[in-house]
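1. A predicted structure for the sequence below; I have some questions about it.
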Amino acid sequence: MNTVRILIVDDNEKFRESLSRSLRMRKYECFTASCSSQALTVLAKNSVQVILLDLRLGQEDGIQVSIKLMENKPEIPIIMLTGYATIESAVEVMKNGVVDYIQKPIDMQKLIKTINNVITVSKNSRDNLVGSSLDTCFFETCNEKMRHCLFLARQLADSNIPILIQGENGTGKEVIAEYIHQNSKRNTLVMQKSNCAAFTDSLLDNELFGHEKGAYTGATEQYKGVFVRSDKSSLFLDEIGDMPLALQAKILRAIQNQEIQPIGCEKTIHVDVRFLSATNKNLSAMIEEGKFRNDLYYRLNAGFIELPPLRERKDDILPMVSFFIKRYSRRTSEKQVLSPNVEDLFLKYLWPGNIRELMNVLQYACLVATDNEIILNDLPSSFISNLQKNGFIDEVISKKEVQTLEEGETNLIKHTLKRLNNNKKETAEVLRISRSTLYSKIKKFSLEESNE
């Protein structure tokens, strides 16, 4: 298991060191900082996977610090630590991009579980498909189904009708939503986004509709929900199929009447919102099971776009490969390419994780490849296991190219050490393993002598 590197930002030195010690005992690598400037210095010099940030950071506001950290390192998830956890404070920190919060005194078991969950989610979404990260290869398509989707998106963009985007995970639903918004008359304002699967029922209600001061214990201030924040703009609700039935009725009213009623408010508020939603679930089947409202479904899909999975876009795979290799390749003087066998393999593989899986596989391969040509052994071991399990390797890969797991591991470490001039710290980082693990592998495979 790769060592997870954590940055603890807390102005209480005793708490900071105690938490760091507890995490190190559990095999996490920890960095510490007492303020935002120290935190930024640590992030500039070290690779960190998670930030633990105190809500009350001395003279600094933890929420403002979180915004500053996210501006500098948007890819690193932040978990807020607070001794003042209320629904209101939870909503406040999470609306600003903080992924979760833990109340002090710290329950280590809960913290470890939260860190591991955050790492998993972050790993799956690290290569987010939103914005410019996929612009060129996503919209320059040879596939007829995808061309039709883009045609529909352009045609529907300038209207105000709700649009439902359906497709498997990793197909680019959020990219299409952003594309629709950017081609609409509302593009002068930022499209607001909420993930229905990321909140508990009570927090999702708050996030969507907001609440009035005094609406419940701890509601010391008014909170404007995402509907109000989306006024005159577009609202994208991802994973709409995970929305609880009780909230579905409120969403239906918001779409029909363009009005909402915040928690604790006696009056309704008019909002002018363009509604976009997405799901990877079969909503028709959920209606039959009583898990999704029939009337809401028909309101949502006044406009409907269904994105094809990558396995139905075979003609786009190789252009995408070239695009991602160009982005991820560490080689500047020579162009990396797929070996003929791997190229054939990519075209035959079904890509259950779609474009996101393709991105992840190529990013890894570009990092570890020791030659211009990316071969089977340069691909992630989990990906190779899927190929073997589904019988794809035997069809297109000669036995000479297939090594044992130990041979592949030995060669990978050996070539990476050589490429990085035997720098073990950098080698461990590139291979995403701890230095102690690297040293044990070097000893096991007798690699010290071969790199001297």
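-> Alright, I've got the coordinates. Numbers count the residues shown, from 1 in each chain.

2. Which residue ranges make up each domain of the protein?
-> As given by automatic domain parsing, the domain ranges for the chain are 5-125, 131-308, 311-450.

3. Would you mind pulling the contact partners of stretch 317-324?
-> If you take CB atoms under 8 Å, 6 or more residues apart in numbering as the criterion, stretch 317-324 is touched by 136-137, 140, 142, 310, 338, 343, 346-347, 351, 355, 358-359, 362-363. To be clear about C-beta, it is placed using only N, CA and C from the backbone, and glycine gets the same treatment.

4. Would you reformat the domains of the chain as TSV and include mean neighbour count?
-> TSV is the format used below for those (neighbours: other CB atoms under 10 Å):
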stretch	mean neighbour count
domain 5-125	17
domain 131-308	17
domain 311-450	16
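
5. Pull the most distant pair out of the contacts of stretch 317-324.
-> Within the contacts of stretch 317-324, two members stand farthest from each other by CB to CB: Cys142 and Gln363, at 23.1 Å.

6. want to try TSV for the domains of the chain, with mean pLDDT as columns?
-> Formatted as TSV, the domains of the chain follow (pLDDT from 0 to 100):
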stretch	mean pLDDT
domain 5-125	81
domain 131-308	87
domain 311-450	80
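
7. circling back: out of the contacts of stretch 317-324, flag the one nearest to Arg24.
-> Closest to Arg24, out of all of the contacts of stretch 317-324 and judged by CB to CB, is Gln363, at 29.1 Å.

8. I'd guess the closest one is in a helix, am I close?
-> Yes: counting by DSSP: H, G, I helix; E, B strand; the rest coil, Gln363 is part of a helix.

9. quick one, what contacts the closest residue in space to it that isn't next to it in sequence?
-> Excluding its sequence neighbours, the residue lying closest to Gln363 (CB to CB, 6 or more residues apart in numbering) is Tyr328, at 4.7 Å. Taking CB under 8 Å, 6+ apart as the contact definition, Tyr328 lies against Leu362, Gln363, Cys366, Leu367.

10. Skip the chain neighbours and tell me the closest residue to the first one.
-> What sits nearest to Leu362 in space, not counting adjacent residues and going by CB to CB, 6+ apart, is Phe324, at 4.4 Å.

11. List phi and psi for that neighbour.
-> Backbone geometry at Phe324, expressed as degrees, to the nearest 10, gives phi -70, psi -40.

12. how near is it to Met70?
-> Distance check for Phe324 against Met70: by CB to CB, to the nearest Å, it reads 25 Å.

13. Leu247 too?
-> 27 Å.

14. Does Phe236 touch Val273 like I think?
-> No: judged on CB atoms under 8 Å, Phe236 makes no contact with Val273 at a distance of 10.6 Å.

15. quick one: contacts of stretch 356-371?
-> So stretch 356-371 is contacted by 124, 126-127, 129, 169-170, 310, 317, 320-321, 324-325, 328-330, 336, 346, 351, 353, 374-375, 378-380, 383, 411-412, 415-416, 418-419, 430-431 (CB under 8 Å, 6+ apart).

16. before we move on, what about stretch 143-153?
-> 139, 141, 176, 179-180, 183, 303, 305-308, 312-313, 315-316.

17. Give the full set of residues in contact with the nearest residue to Met243 once chain neighbours are set aside.
-> In this structure, Met243 finds its nearest non-sequential neighbour in Cys196, 4.5 Å apart by CB to CB, 6+ apart. Going by CB under 8 Å, 6+ apart, Cys196 touches Leu204, Leu237, Asp238, Glu239, Ile240, Gly241, Asp242, Met243.

18. what's the farthest-apart pair in those residues?
-> Leu204 and Gly241 (13.4 Å).

19. picking that back up, give me the subset of the contacts of stretch 317-324 lying in strands.
-> Counting by DSSP state E, the contacts of stretch 317-324 place Leu338 in strands.

20. Helices - which of the contacts of stretch 317-324 land there?
-> Among the contacts of stretch 317-324, the residues falling in helices (DSSP state H) are Thr136, Cys137, Glu343, Phe346, Leu347, Ile355, Leu358, Met359, Leu362, Gln363.

21. just checking, the fifth one touches Arg313?
-> It stands for Leu347. No: counting by CB under 8 Å, Leu347 sits too far from Arg313 to count as a contact (11.1 Å).

22. The stretch 351-452 of the chain: strands as residue ranges?
-> 373-374 (DSSP state E, counting those that start in this stretch).

23. Over to the stretch 201-350 of the chain?
-> So, for the stretch 201-350 of the chain - with DSSP E, counting those that start in this stretch - the strands run 234-238, 259-260, 269-270, 274-279, 303-306, 337-338.

24. would you turn those strands into JSON lines with distance to Phe209?
-> Listed next are those as JSON lines, based on distance: least, CB to CB, whole Å:
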{"stretch": "strand 234-238", "distance to Phe209": "12"}
{"stretch": "strand 259-260", "distance to Phe209": "5"}
{"stretch": "strand 269-270", "distance to Phe209": "9"}
{"stretch": "strand 274-279", "distance to Phe209": "14"}
{"stretch": "strand 303-306", "distance to Phe209": "24"}
{"stretch": "strand 337-338", "distance to Phe209": "49"}
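
25. show me what contacts the nearest residue to Tyr349 once chain neighbours are set aside?
-> Residue nearest to Tyr349 in three dimensions, not counting chain neighbours: Phe392, with 5.8 Å by CB to CB, 6+ apart. Contact partners of Phe392, counting by CB under 8 Å, 6+ apart, are Leu345, Lys348, Tyr349.
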